[in-house]
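**Q** no sequence on this one, just coordinates:
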């Protein structure tokens, strides 16, 4: 099991390392429930350098370091920063590297986080870089599945929505394949998961996902998890087709009644119309808890990185 | 005496509960003066969700939680947040509910804070919702009167300025009536306190306020407190009348010399022209101290809510 | 040796006081290296009131107070603050004065920080006021020279670039003169250090700087320190002259090979084109370390002010 130096992509980890992180996150989850103040990061500082905005990711990172007894500063957009004065990305990273013990970076450009990790002496966590990687999201998704369903490798997970453009689903698809889970990819024609990625996963992990086009029990056989992302219906030229898709991919109590009661419904949030608010009160709805799990997962990563465990 | 679960409106409290809060605030005030670091909120987090800006309220809440050894995160406007991406108010509250131990919400819409309290499992404090309620301002106003004058019920308080549109004066008027204090409402014709509210207070607390139109000792009989808010003179079509009003309602050393030296002058701040800066140096001027009292009052509320006292 | 009440201008200090600050900063530097959490500012709050943006200064102040176990709040621009509602500068300072233990103020107007210090009861640190003073930058510059070269008075420092408009170089020039260091002012014609300041320094400290126009060993005799700032080449009407100057004043490995290997290159950052990134890897390049020294220097000032040492 390798020591973790940075968190750039879930592809840098194997299942053993991921399990180590998830188990550590579980300890953090229990500590949070016990409401006992922690001091794992006492006196330590984290920079949150968000070159593009992301409310939920930023707040859960802030929560995580503060729950560990540490503190943070940073920016949520480049307005009013040296970046606007023409400072290079690398110099901004170097500045933070002088001031803090750990850096979280979110950037619209692919590869930005890995570049930051190369430049900085302190550990770097990727808070999302462009359409590329968002490893802490994937880890909290895995944590959620494990929390509710235990053994990830034995689950049947349906990834649902615009799988062509969804970053979180691409990354989760890869991670679930590492585990050897059963996967069904549910998307309308034209918005399917990239065939290159499906091919790669097949070769690397000998996993072949099922393909489906409708949220239908005949197409998705006894799923344990629905992982839902938005379909941007405004992409469709035909307004009738857009309307039909929006309705067909919307999660409602009626739709869920056609599947097992043990199914859990996940979503990276924020959701707009793709999940009926009437679902919120059902036991299947775990998406708010899922968002909450971002805190113990990020606490675990920060603790592992700061204290070189 | 009821346990406090949320702080939404001062109308939810009775005099006993308010006195309990003010007494607890006084202990906080003494602790601050002793400069002894507190740990009542150690390891605890507060979200400050400000859907509309408010410098003073936000900073004094931040000061309060940090003085208690806790920490906070949040936004001061919805720029760059998920709200801009179309996330619903309720989902934003639910997100924060997963991350923190207490939520402060300020929102331009009436009723937003009560809705938040319904949705969230953690306690919610109303930091001001539209023209409706701003209970922590009212509590710090009461604290200030009690601090300088002791028994609130025995004071004569003159509320001065645009009482038609003033949220803080509406709320303070209600609270002072609960105490049975003597009240004089001083405002120009057209900017008077809502007759419905005056009627309601009469019926509920058997309190009839005096009415005045000028800052004149003949109209305001031996007041203990001046509570001043701005008149938006730009509302007046007649520029001569606007000028006259601005002068007539401006607090100056000359004006104060016509009243008792024991009078205190309060203002919710920021002030613009309605108090002459020459007043700042007089012993009557307590408005900066009043702003400062926002900290112990908010500390008391946070402590009572977090530790379920 | 005088007790420090505020930090407004380096001109308020003598060499003894500066040495006291630098020595205290060195203790802070050692404590940071030992990674031992400090509690010198436990339970204490700092307001960072930045009426104009400054990434590096703000982050290093935030880092400093948090490294000392304290906390901070504030704004990085006046957007969304009471200042926008017409609140006066003085009232904003008075508000903060009620809430916190120490105030850092940065303002585009000269004299703003000194005015703040007059109004506030708590200590005030100038984070830069207009083209006037930026004392914490000067102190960290001196700390850097002392760290690498020991006795400041025995060094030969070349100040390089647009010395007419550079605030940091004006202030450092004054401070180095107090120490009696050897100084060479290197700037193109038209961008020279103000003759009034040169005259003042001559009279007060009996120091006469050398003058140079090119980065040439024949003009700069055995320097210990290069302190580089940007030349705004866009000021030049003649594009050929602008190009020539940019090249002539650019620090490159080739240029440095013509000077002693013990030379250190400093820069207040952010740098744009005036230092070739190829210099970053050379032992002469200390500008990132220099930025990092902003933390122990500001920690020292905060500690001295808060704890009245």
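**A** Sure, I can see it. Since we're looking at a predicted model, the values are computed, not measured.
**Q** middle-most residue in chain A, spatially?
**A** With the centre of chain A defined as its mean C-alpha position, the nearest residue by CA atoms, centre = their mean is residue A:137, 1.6 Å away.
**Q** which residue sits closest to that one in space, ignoring its chain neighbours?
**A** residue A:168 (5.2 Å; CB to CB, 6 or more residues apart in numbering or on different chains). Heads up, the C-betas are built off the backbone N, CA and C, glycines and all.
**Q** Show me which parts of the helix or strand of chain A with the lowest mean pLDDT are buried, residue by residue.
**A** Lowest on mean pLDDT, DSSP states H and E among the helices and strands of chain A sits helix A:239-248, with a mean of 87. Residues of helix A:239-248 classed as buried: A:242, A:245 (neighbour count, 16 or more other CB atoms under 10 Å in any protein chain shown).
**Q** Residues contacting that helix from elsewhere in the structure, which ones?
**A** A:188, A:214-215, A:231, A:233-234, A:236, A:273 (CB atoms under 8 Å, 6 or more residues apart in numbering or on different chains).
**Q** List buried members of those by neighbour count.
**A** Members of the contacts of helix A:239-248 that pass the buried threshold by neighbour count (16+ other CB under 10 Å) are listed as A:188, A:215, A:231, A:233, A:236.
**Q** Check the secondary structure at residue A:183 for me.
**A** What DSSP: H, G, I helix; E, B strand; the rest coil gives for residue A:183 is strand.
**Q** Near it, how many residues? Count them for me, please.
**A** When neighbours are defined as other CB atoms under 10 Å in any protein chain shown, residue A:183 has 26 of them.
**Q** Contact partners for the nearest residue in space to residue A:194 that is not next to it in sequence?
**A** Using CB to CB, 6+ apart and skipping the chain neighbours, the partner closest in space to residue A:194 is residue A:164 (6.9 Å). Contact partners of residue A:164, counting by CB under 8 Å, 6+ apart, are A:187, A:190-194.
**Q** Could you do residue A:44 as well?
**A** Listed by CB under 8 Å, 6+ apart, the contact partners of residue A:44 are A:65, A:68, A:70-71, A:101-102, A:306.
**Q** Distance of it relative to residue A:303?
**A** Per CB to CB, to the nearest Å, residue A:44 is found 10 Å from residue A:303.
**Q** Now the common contact residues for these two.
**A** Any residue near both residue A:44 and residue A:303 by CB under 8 Å, 6+ apart counts here, and that gives residue A:68.
**Q** Residue A:258: neighbouring residues, count only.
**A** As a burial measure, the neighbour count of residue A:258 was computed by other CB under 10 Å and equals 11.
**Q** residue contacts, the closest residue to chain C within chain A?
**A** Closest residue of chain A to chain C, CB to the nearest CB: residue A:43 (2.7 Å). Residues touching residue A:43, when contacts are defined by CB under 8 Å, 6+ apart, comprise A:70, C:35-38, C:67, C:69.
**Q** Look up the pLDDT of the residue of the stretch 101-250 of chain A found nearest chain B for me, please.
**A** Here the residue of the stretch 101-250 of chain A nearest chain B is residue A:230; by CB to the nearest CB that distance is 10.1 Å. The predicted structure scores residue A:230 at 91 on the pLDDT scale.
**Q** Tell me, how many residues neighbour it?
**A** For residue A:230, the neighbour count with other CB under 10 Å is 19.
**Q** Phi first, then psi, for it.
**A** The phi/psi pair for residue A:230 (degrees, to the nearest 10) reads phi -70, psi 140.
**Q** Quick one: residues contacting the closest residue to it other than its chain neighbours.
**A** Leaving aside its sequence neighbours, residue A:230 sits nearest to residue A:274 (CB to CB, 6+ apart; 5.0 Å). Remark: with contacts taken as CB under 8 Å, 6+ apart, residue A:274 is in contact with A:161, A:228-231, A:249-251, A:267.
**Q** want to throw these into a markdown table with secondary structure?
**A** Supplementary listing: these in a markdown table, determined by three-state DSSP:
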| residue | secondary structure |
| --- | --- |
| A:161 | coil |
| A:228 | strand |
| A:229 | coil |
| A:230 | coil |
| A:231 | coil |
| A:249 | coil |
| A:250 | coil |
| A:251 | strand |
| A:267 | coil |
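**Q** got the contact list for the nearest residue to residue A:161 once chain neighbours are set aside?
**A** Nearest residue to residue A:161, sequence neighbours excluded (CB to CB, 6+ apart): residue A:229, at 3.9 Å. With contact taken as CB under 8 Å, 6+ apart, residue A:229 is in contact with A:159-163, A:166, A:168-169, A:267-268, A:274.
**Q** Please narrow these to those residing in helices.
**A** Residues from those lying in helices, with DSSP state H as the criterion: A:168-169.
**Q** Out of the contacts of residue A:229, who's the most crowded?
**A** Neighbour counts for the contacts of residue A:229 were taken using other CB under 10 Å; the highest belongs to residue A:160, with 28 neighbours.
**Q** If we ignore the residues flanking it in sequence, what's nearest it?
**A** Nearest residue to residue A:160, sequence neighbours excluded (CB to CB, 6+ apart): residue A:186, at 4.4 Å.
**Q** Next: residue A:39.
**A** Residue A:39's closest residue in space is residue A:69 (CB to CB, 6+ apart), at 4.2 Å.
**Q** Over to residue A:4?
**A** The shortest distance from residue A:4 to any residue that is not its chain neighbour, by CB to CB, 6+ apart, is 5.4 Å, and that residue is residue A:304.
**Q** which residues sit in contact with that neighbour?
**A** Going by CB under 8 Å, 6+ apart, the list of residues near residue A:304 reads A:4, A:21, A:24.
**Q** Quick check: residues of the stretch 101-250 of chain A near chain C?
**A** On the criterion CB under 8 Å from any CB of the partner chain, chain C has no neighbours in the stretch 101-250 of chain A.
**Q** Please, where are all the strands along the stretch 101-250 of chain A?
**A** Assigned by DSSP state E, counting those that start in this stretch, the stretch 101-250 of chain A shows strands spanning A:102-107, A:124-129, A:156-160, A:182-186, A:210-212, A:225-228.
**Q** Tell me the neighbouring strands of the first one, and mark each as parallel or antiparallel.
**A** Strand A:102-107 sits in its sheet next to strand A:45-50 (parallel), strand A:124-129 (parallel), going by DSSP bridges.
**Q** got the angle between the next helix or strand after the first one and strand B:45-50?
**A** As assigned by DSSP states H and E, the chain's next helix or strand after strand A:45-50 is helix A:55-67. Going by axes from the mean of the first three to the mean of the last three CA atoms, to 10 degrees, helix A:55-67 is angled at 150 degrees with respect to strand B:45-50.
**Q** Spell out whether helix A:55-67 and chain B are in contact.
**A** Yes: taking CB under 8 Å from any CB as the criterion, helix A:55-67 and chain B are in contact, through A:55-56, A:59-60, A:62-63, A:66-67.
**Q** anything in that helix sitting right up against chain C?
**A** No: using CB under 8 Å from any CB as the criterion, no contacts between helix A:55-67 and chain C are found, and the smallest distance is 10.5 Å.
**Q** Next, the buried residues of the very next helix or strand once past that helix.
**A** From helix A:55-67 onward toward the C-terminus, using DSSP H and E, the following helix or strand is strand A:71-75. Of all the residues in strand A:71-75, those buried under the rule 16+ other CB under 10 Å are A:71-75.
**Q** give the contact list for the residue in chain A that chain B sits nearest to.
**A** For chain A, the nearest residue to chain B under the criterion CB to the nearest CB is residue A:37, separated by 2.7 Å. Residue A:37 makes contact with A:69, B:42-44 under the criterion CB under 8 Å, 6+ apart.
**Q** Helix, strand, or coil at it?
**A** Of the three states, residue A:37 takes coil under three-state DSSP.
**Q** picking that back up, will you turn the buried ones among the contacts of helix A:239-248 into JSON lines that also has distance to residue A:112?
**A** As requested, the buried ones among the contacts of helix A:239-248 are arranged in JSON lines below (distance: CB to CB, whole Å):
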{"residue": "A:188", "distance to residue A:112": "31"}
{"residue": "A:215", "distance to residue A:112": "36"}
{"residue": "A:231", "distance to residue A:112": "28"}
{"residue": "A:233", "distance to residue A:112": "30"}
{"residue": "A:236", "distance to residue A:112": "32"}
